[in-house]
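1. just to be clear, the model below is a prediction. Sequence and coordinates:
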Amino acid sequence: MSGLPNRARALKATDDPWWAKAIVLAVMLGFLGMALFLPVVTVFFEALRKGFGPALAAIRDPDALAAIKLTLLTAAIAVPFNIVFGLNAAWAVAKHDFPGKSFLITLIDLPFSVSPVVAGLIYVLIFGAQGWFGDWLLDHDIKIIFAVPGIVLATIFVTFPFVAREVIPLMQEQGVDQEEAAVSLGAGGLKTFLRVTAPNVRWGLLYGVLLCNARAMGEFGAVSVVSGHIRGETDTMPLHVEILYNEYNIVGAFAVAALLCLLAIVTLVLKTLADAAEPDLGRRAH
Amino acid sequence: MTLSIRSVEKRFGRFPALNGVDLDIRDGELLALLGPSGSGKTTLLRVIAGLDFPDAGQVLFDGEDVTFAGAAARRVGFVFQQYALFKHMSVAKNVAFGLDVRRGRDKPPRAEIARRVDELLRLVELGDLGRRFPAQLSGGQRQRVALARALAVGPRVLLLDEPFGALDATVRKSLRKELRRIHDATGVTTIFVTHDQEEALELADRVAVLNQGRIEQVGTPDEVHDRPATAFVAGFVGEANRFEGRAQGGAFRSGDLALPAAGVADGPAVAFVRPHEFVLWGEGAPVTVDRVVVSGPLGRLESTLADGRRIDVSVSRGEALQVKDGQAVRIKAEAAHVFPA
Amino acid sequence: MGVTLSLLSLIVLIPLSAVAIKAAGEGPSGFLRAALSTRALAAYRLSFGASAIAAAINGVFGLVTAWALVRYDFFGKRVISAVVDLPFALPTAVAGIALASLYSPKGWVGQILTQWGIKAAYNPTGVVIALTFIGLPFVVRTLEPVLRDLSADVEEAAASLGAARWQVIGRVILPALAPAWLTGFAMAFARAVGEYGSVIFIAGNMPYRSEIAPLLITIQLEQYDYVGAASIAVVMLAASFAMLFVINTAQSLARRYGG
């Protein structure tokens, strides 16, 4: 050994040398700064470029308000539906063994891996004027495509996996012992679920709901295809952002975008809290 | 290679894992670090290996100060309790690893590495398993691979951290013999950590008994067993009946019990008598035998003293068979280990 | 169970079959004509190519990020860890206009790049940039638990055998991460291939040059070319299934050789 190492320079087998750490941190911060931080800053900067006034005016514009209302309505329907359905599906997958189980799992993951545009296309092909039910719907004067119901349906499709995906690993880790104990003590199915299964997965459920909601409010591709872009009627907030941007109403577009950005930030904050309670959310495979 | 540990201290937060340890290890010996969990034996081993660095003190290899040298620089072989095999590599690649990572002129040619791997796999009796992967091996086989891998680099000292802890009893016993055989074959200075005193006494040339970060005694298995230097060693190594009482004028008294205590200062004391150090003697202290247990050539009399204290006496099979449960006998201590309290 | 299965079929399976059925509407020749037209092929090349590049970029920087988050302690680590999930939480259209604004010739970054003669917006480069944003969390999040579960003794063993730090990383740690790395890459790739909202603002959207496959689908829909749209959708669905298969294989590989 050349030169005696001293305590200050002694490096444990599992540590990286200080200069390597510096490089890694610098690269990471540089990359994340450029990729994530800058875009967010841009949104708020552009929204407030001409001050608070024009930004608020853009949000208070009737079409924008209608878009906000539609976005909230869509989420208010899609999220609870997917909570119930997602918990149901997760429970089926995690606690039981049955033929076709892996098929079910693939089905649950499917909307996750399908392009949102394809998702929208699907509903157009079924409910559109030329679609399977097109004539029937026309006869009964029901509008799905180019109307709110279509938007809600498409949103349900694309946000469906979120709850199930987060909850399944937690349920699987939990095992079936507690439920079996509850049932043997006389608890019925629903009661067992509410009192034994659900509390154990509450943080995963919260995380799934957060992601589901974020996607429900922010979905663009699928909704773009089914909505028909009718201002004031079938525009959600993301679609409204697109319209304003394409009209070169930059401040307006970014003002509405800033609202959505705030939603994203709130989602992340709440997610951090959930993560503190139940580590490794969103990182488990199932 | 000889090792010297001089006044080594190591704290984890406020917990003193090593509290001033001095130890000299002779070239080629097989030394056991024995102690209960938390005694610091694994910490000491890791400090010797260079996986941890002490807060004070020195570690010397052949007189050279390596206290803050990293593990890679010390040329030690370390065998982990959980084997730490490289799961994505075959057995042969695992064993060859230390040679494969050598750089430049130090790296032997491929044929030489292959030959050495072969040689070592045969030494640990895993000759045919070079192509297998760790996941396909049993616990005992994995431990042998870990051993072969550590030996492949020709280490100056071989360090084993509770090497048989994760194995079941039969495998443990056979691997113990293996370790002795391999040690004798290679002649490498070897230090192993264990909390199993039977293992330490059976295997080692010398045993260092640790307790609470200090070395209580270093000696041959016989010395440590028959002539314990401290109360802790007497109680920890081998079986012992423990009595609290007083020493006075070279004798120890505890209730009815009187024991020789030459050289012990007057005052409160604690005495240890091993079950086989008691003998049946017509004029000894009276005890009631609660239960007679006969096991092979030996018998055990689980008894109670007059004042209710439990006492275990070891006798021969013949003697045990003549005693019945509930019977009263008399015993005396042929030897005792008394220490000031 | 039955309820779940039937609802799932209703919401997922049946709609999916609609695409396949429509695509077959004009027979195999009609399908092939639409699915493999020159314009479609250009769109696939862009979508798949840019996605691969973006996923590779995320593979590299995602590893660096996961490494720092798991193994180092630094000020603001909690915040940074939360921010990694931003692409999951931020609506794609918002990301789209932000990136377009940032990298357009007059944008903050665009200005600097123009000085170096690089055009980042309204061409395939912009597509790669947007897709990198979208896929960022996948590699990081799949690597983190694996990195965390790596026991220290394997690293210590390698070091005690004389390996230098870079050898420990290259020969021992990275191979152990390989299955998770592949999974993360595949997930980022799969996500990027179908991405729409964050790309169309920065892409340029010129047919044959900077038009992504999802955009081509919407254009054909607007022109009422349902067979055309469905055909391309079928190609993309086939790619999605293939990616899902790769991901699942990588995960089972990880289970077999990891742990």
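-> Noted; the coordinates are in hand.

2. the stretch 101-250 of chain A: helices as residue ranges?
-> Assigned helices in the stretch 101-250 of chain A, in chain order: A:101-113, A:116-127, A:134-139, A:148-159, A:161-174, A:177-184, A:189-192, A:198-200, A:202-218, A:221-227, A:237-246, A:250-277 (criterion: DSSP state H, counting those that start in this stretch).

3. could you check the longest one against chain C for contacts?
-> Yes: counting by C-beta under 8 Å from any C-beta of the partner chain, chain C has neighbours in helix A:250-277: A:250, A:253-254, A:257, A:260-261, A:263-265, A:267-269, A:271-272, A:275. Any C-beta I mention is one placed from the backbone N, CA and C, and that applies to glycine too.

4. ok, which pair from these is furthest apart?
-> A:Ile250 and A:Asp275 (35.3 Å; C-beta to C-beta).

5. got a quick PyMOL command for the buried subset of the residues of helix A:250-277 next to chain C?
-> In PyMOL, a selection of the buried entries from the residues of helix A:250-277 next to chain C looks like this (16 or more other C-beta atoms under 10 Å in any protein chain shown):
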select buried, chain A and resi 250+253+254+257+260+261+263+264+265+267+268+271+275
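
6. got phi/psi on A:Phe220?
-> phi -120, psi -60 (degrees, to the nearest 10).

7. quick check: closest non-adjacent residue to it.
-> C:Gly197 (3.4 Å; C-beta to C-beta, 6 or more residues apart in numbering or on different chains).

8. mind checking the longest helix of chain A?
-> For chain A, the helix with the greatest residue count under DSSP state H is helix A:62-95.

9. let me know the average pLDDT across that one.
-> Mean pLDDT, helix A:62-95: 89.

10. that helix vs chain C: in contact?
-> Yes: applying C-beta under 8 Å from any C-beta, one finds helix A:62-95 in contact with chain C at A:Phe85, A:Asn88, A:Ala89, A:Ala92.

11. which ones are touching the closest residue to chain C within the stretch 151-286 of chain A?
-> For the stretch 151-286 of chain A, the residue closest to chain C is A:Gly218, as judged by C-beta to the nearest C-beta, at 2.7 Å. If you count contacts by C-beta atoms under 8 Å, 6 or more residues apart in numbering or on different chains, A:Gly218 has them with A:Met237, A:Pro238, A:Leu260, A:Leu263, A:Ala264, C:Leu90, C:Pro91, C:Thr92, C:Ala93, C:Val94.

12. do the helix or strand harbouring B:Leu44 and chain A meet?
-> Under the criterion of DSSP states H and E, B:Leu44 resides in helix B:41-49. No: if you take C-beta under 8 Å from any C-beta as the test, helix B:41-49 misses chain A, and the best it gets is 9.1 Å.

13. I'd like to know which elements the helix or strand following that helix is packed against.
-> Counting by DSSP H and E, the element after helix B:41-49 in chain order, helix or strand, is strand B:56-61. Judged by 3 or more C-beta pairs under 8 Å, 6 or more residues apart in numbering or on different chains; DSSP states H and E, the packing partners of strand B:56-61 are strand B:3-12.

14. follow-up on the earlier one: most surrounded residue in the contacts of A:Gly218?
-> Counting neighbours by other C-beta atoms under 10 Å in any protein chain shown, C:Ala93 leads those with 31 neighbours.

15. you'd agree that residue is up against C:Ser198?
-> Yes: if you go by C-beta atoms under 8 Å, C:Ala93 and C:Ser198 touch, sitting 7.4 Å apart.

16. what residue in the stretch 101-250 of chain B comes nearest to chain C?
-> Nearest residue of the stretch 101-250 of chain B to chain C (C-beta to the nearest C-beta) works out as B:Val101 at 4.2 Å.

17. close enough to count as contact, that residue and C:Trp166?
-> No: in this structure B:Val101 lies outside contact range of C:Trp166 using C-beta under 8 Å: 10.1 Å.

18. the contacts of A:Gly218 into a markdown table, with extra columns for pLDDT and distance to B:Arg116?
-> What follows is the contacts of A:Gly218, written out as a markdown table (pLDDT from 0 to 100; distance: C-beta to C-beta, whole Å):
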| residue | pLDDT | distance to B:Arg116 |
| --- | --- | --- |
| A:Met237 | 92 | 68 |
| A:Pro238 | 93 | 65 |
| A:Leu260 | 94 | 64 |
| A:Leu263 | 93 | 63 |
| A:Ala264 | 93 | 58 |
| C:Leu90 | 94 | 57 |
| C:Pro91 | 94 | 61 |
| C:Thr92 | 94 | 58 |
| C:Ala93 | 94 | 63 |
| C:Val94 | 95 | 61 |
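
19. redo those as TSV? Include distance to A:Phe112.
-> Shown next, in TSV, are the contacts of A:Gly218 (distance: C-beta to C-beta, whole Å):
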residue	distance to A:Phe112
A:Met237	22
A:Pro238	19
A:Leu260	21
A:Leu263	21
A:Ala264	19
C:Leu90	17
C:Pro91	17
C:Thr92	14
C:Ala93	19
C:Val94	20
